[in-house]
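Chemist: here is my input, please return the structure:
(one chain, ligands or ions: 1)
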Amino acid sequence: MHAIENDVRQKLAIAHHVIAYYGWDELVATHLSARMPDSDAILITPKNTAFKNVTEENLVKLNLDGEYLSDNGHTVLEQAANIHLETYKVRRDIHSIIHTHSMYSTIISSLTTGFKFTTQHSLRFYDDIAYHPFDGLAFENEGAAIANSLGNKRVLFANNHGVITTGGSIEETLLYHYHLENCCETLVKTLQCSEEIIDIPDDICKLTKAQFDKIKTPHVEFAYFADLVRSVG
Ligand SMILES: [Zn+2]
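Modeler: Below you'll find the predicted structure:
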């Protein structure tokens with residue numbers, strides 16, 4: 001197998017293990033994917049496979065029309081693939097997508113206030129969050145509508161449902177997802193305090209977001225994540 005594809009497979013398998021380690025997977029209902037560099041082929045979670053059992057070999061390879069490019073005997077949940085494929089079609093800058101129903105992001109997805117920028121870490125996502133209205137289970141093709149709602153943002157809260165995180169690489173997307181879920185946990189607990197929240201002025205929000213974008217080192221944190229899941233087996 002080509003070295004570049006091998007690298008993507010290895011990283012995407014690790015990302016599944018990290019999601020499982022933190023307990024952000026949910027039976028067989030959530031999914032991660034990555035686009036092969038300089039290609040329209042994507043790798044995605046195999047159907048009915050526990051995240052901790054996802055390997056470089058059982059990932060499913062599709063083209064952007066959803067046609068199978070792999071013949072490893074594994075298939076993909078059709079409506080799951082649809083969300084990823086439609087987003088990759090319209091956002092050439094996106095190379096990885098994570099969709100989960102992780103608890104704290106899902107709680108925030110159900111609040112009319114949505115995500116709030118109350119902490120330093122939350123400002124990583126300043127002006128970079130979109131929302132998509134809930135309209136029942138995604139049995140129909142909802143991918144195009146979700147991609148449309150995402151627009152040019154990095155994160156989408158699927159209202160009353162869960163979250164979709166995107167990035168320019170597997171490392172970047174996983175790091176965003178990590179920070180987003182943690183920020184949502186902090187926000188949920190902050191909202192439980194019966195005290196007023198200190199407001200962060202808009203200009204400071206913008207400045208901090210720009211600072212975060214400047215010092216981004218997702219490969220460093222990814223090495224940490226890889227080490228973490230290797231150590232727990
Ligand atoms: Zn979902």
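
Chemist: packing partners for the helix or strand hosting Asp227?
Modeler: Per DSSP states H and E: Asp227 is located in helix 218-232. When contacts are defined as 3 or more C-beta pairs under 8 Å, 6 or more residues apart in numbering; DSSP states H and E, helix 218-232 packs onto helix 3-21, helix 170-191. C-beta here means a position set from N, CA and C on the backbone, and glycine is covered the same way.

Chemist: looking at the ones you listed, which is nearest to Asp135?
Modeler: Comparison of the helices and strands packed on helix 218-232 against Asp135 by C-beta to C-beta identifies helix 170-191 as nearest, at 22.3 Å.

Chemist: need the CA coordinates for the very next helix or strand once past the closest one. CSV is fine.
Modeler: Using DSSP H and E, the helix or strand that follows helix 170-191 towards the C-terminus is helix 202-214. Presented in CSV, the C-alpha positions along helix 202-214 are these (Å, rounded to 0.1, in the frame of the first residue of the first chain):
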residue,chain,number,x,y,z
ASP,A,202,-15.4,40.9,21.3
ASP,A,203,-12.0,42.4,20.5
ILE,A,204,-10.3,40.2,23.0
CYS,A,205,-12.2,37.2,21.7
LYS,A,206,-10.9,38.0,18.1
LEU,A,207,-7.3,38.5,19.4
THR,A,208,-7.3,35.3,21.3
LYS,A,209,-8.7,33.2,18.4
ALA,A,210,-5.9,34.7,16.1
GLN,A,211,-3.3,33.9,18.8
PHE,A,212,-4.6,30.2,19.0
ASP,A,213,-4.5,29.9,15.2
LYS,A,214,-0.9,31.1,15.2
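
Chemist: list the buried residues in helix 202-214.
Modeler: Judged by neighbour count using 16 or more other C-beta atoms under 10 Å, the buried positions of helix 202-214 are 205, 208-209, 212.

Chemist: okay, angle between that helix and helix 170-191 too, please.
Modeler: Calculated by axes from the mean of the first three to the mean of the last three C-alpha atoms, to 10 degrees, helix 202-214 forms an angle of 150 degrees with helix 170-191.
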